[in-house]
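J.: Got a predicted structure here, sequence first:
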Amino acid sequence: MNGGPSGFSNAPVAKAFVIASAIFTVFFGIRGRSSKLGLSYQDIFEKFRIWKLILSIFAFSSTPELMFGLYLLYYFRVFERQIGSNKYSVFILFSTTVSLLLETVLLSLLKDPTANLLTSGPYGLIFASFVPFYFDIPVSTRFHVFGVHFSDKSFIYLAGLQLLLSSWKRSIFPGVCGILAGSLYRLNFLGIRKAKFPEFVSSFFSRLSFPSSIGSSPRTPSRNVLGSVSTHPGRQTEFQRSFPASIPPLEPPEEAIATLVSMGFDRNAARQALVQTRNDVNAATNALLEAQSH
């Protein structure tokens, strides 16, 4: 199991979020204000420091949290490749918003104005991502160390545990709120899994982030996952009509096959889907998901 090809190929939203998180954390670290980023009852209910709520989405409070947090954000870019940039943007907005609301409710219940009770950082997004990671990412390798069972997913769980316990109660509370937010998303609360942004919103991140040549492998043509292609015989979609049958199929690049295999699809099925969709990774993902549902 891995996150697919290295870099942020086909994951511009995840790339923009990682860059923003790193910049905000370093900026406040240089200014010596990292310790003041945590949320408290006083910040929200007495002094109304809304800017702290916003910063808590991006900036980590310490260097160890930054290291483990960016590693997990980088790995979880696989979900953007799986569901598409548009729906991944919805997932980010939903998980961070719900997590912040839950944290605000928690602060109102604890009512301790003397300390920063909740650490800062994108805990909502990171720990919400552990929900689809647990249910949707298959185990590809199992091994034993001194009689203890491990899998290739264990390293991600260990990194998450380290981040969860990095500031003890201050980090556990935001982590739990993130898991609850991810669970609500998976349960399709208020039909959130069907929600989509206007296309220009997700495409904005492609223009906002650094060029794909920095830390990314060459990108295959990208499309939103849902509604891209159909595998039913006799049913021709707009995508398929765009490529006449007279055009010979292209041999799928190995990195594209690796991306689909990392999502849990069979290698031969992944290759056939890429051939059918002319190496469009997102469209091939949709075709494989649709085939599994029938």
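T.: Looks like it arrived, so ask away.
J.: could you say what helices and strands the helix or strand hosting residue 182 packs with?
T.: Applying DSSP states H and E as the criterion places residue 182 in helix 169-186. Applying 3 or more C-beta pairs under 8 Å, 6 or more residues apart in numbering; DSSP states H and E, one finds that helix 169-186 contacts helix 85-110, helix 123-136, helix 154-164. All C-beta atoms are positioned from the backbone trio N, CA, C, and that covers glycine.
J.: Just checking, which helix or strand of this structure averages the lowest pLDDT?
T.: helix 238-241 (a mean of 42; mean pLDDT, DSSP states H and E).
J.: Tell me the helix or strand right after it.
T.: Counting by DSSP H and E, the next helix or strand C-terminal to helix 238-241 is helix 254-262.
J.: Go through that following helix and flag the buried ones.
T.: Within helix 254-262, the residues scored as buried using 16 or more other C-beta atoms under 10 Å are 255, 256, 257, 258, 259, 260, 261, 262.
J.: and what of stretch 60-79?
T.: Applying 16+ other C-beta under 10 Å to stretch 60-79 flags 60-62, 65-66, 68-79 as buried.
J.: Now, these that are in strands?
T.: Per DSSP state E, strands hold no members of these.
J.: Report the mean confidence score over stretch 134-144.
T.: Average pLDDT, stretch 134-144: 85.
J.: Ok, stretch 193-210 next?
T.: If you average the pLDDT values across stretch 193-210, you get 68.
J.: ok, now stretch 25-37?
T.: 75.
J.: what about that stretch, start to end distance?
T.: Length of stretch 25-37, first residue to last, C-alpha to C-alpha, to the nearest Å: 10 Å.
J.: Domain parsing of this structure, as residue ranges.
T.: Annotated domains of the chain cover 12-194, 220-293 [automatic domain parsing].
J.: Give me the below-cutoff pLDDT ranges for the stretch 101-250 of the chain.
T.: Residues of the stretch 101-250 of the chain meeting the criterion pLDDT under 70: 112-116, 200-250.
J.: One more pass at 80, please.
T.: Within the stretch 101-250 of the chain, the stretches with pLDDT under 80 are 110-117, 140, 198-250.
J.: which residues touch the residue lying closest to residue 178 once chain neighbours are set aside?
T.: Spatial nearest neighbour of residue 178, chain neighbours left out: residue 127 (3.1 Å); criterion: C-beta to C-beta, 6 or more residues apart in numbering. Contact analysis of residue 127 by C-beta atoms under 8 Å, 6 or more residues apart in numbering lists 99, 160, 164, 174, 175, 176, 177, 178, 179, 182.
J.: give me the number of residues near the first one?
T.: Think residue 99. 29 (other C-beta atoms under 10 Å).
J.: go on, the third one?
T.: Other residues near residue 164 come to 22 when the count uses other C-beta under 10 Å.
J.: Would you confirm that it contacts residue 178?
T.: No - the criterion here is C-beta atoms under 8 Å, and residue 164 misses it with residue 178 at 9.4 Å.
J.: Buried residues, the helix holding residue 182. List them.
T.: For helix 169-186, using 16+ other C-beta under 10 Å, the buried residues are 170-182, 184-186.
J.: Just the residues contacting that helix, thanks.
T.: With C-beta under 8 Å, 6+ apart, helix 169-186 has contacts from 38, 65, 91, 94-96, 98-99, 102-103, 106, 116-119, 121, 123-132, 135, 163-165, 192-193.
J.: how much space is there between residue 7 and residue 179?
T.: 28 Å (C-beta to C-beta, to the nearest Å).
J.: quick one: the helices in the stretch 1-150 of the chain?
T.: With helices called from DSSP state H, counting those that start in this stretch, the stretch 1-150 of the chain shows them at 12-30, 41, 50-55, 63-75, 78-83, 85-110, 123-136.
J.: Work out the gap between the second one and the centre of the chain.
T.: Relative to its parent chain, helix 41 has a centroid offset of 29 Å by C-alpha atoms, centre = their mean, to the nearest Å.
J.: Show me what it is packed against.
T.: helix 85-110.
J.: Same question for residue 275, what's its three-state structure.
T.: At residue 275 the chain is in helix, as set by DSSP: H, G, I helix; E, B strand; the rest coil.
J.: Surely it touches residue 252?
T.: Yes - taking C-beta under 8 Å as the definition, residue 275 is a contact partner of residue 252 at 6.3 Å.
J.: neighbour count winner among those two?
T.: Per other C-beta under 10 Å, whichever of residue 275 and residue 252 has more neighbours is residue 252, with 21 against 14.
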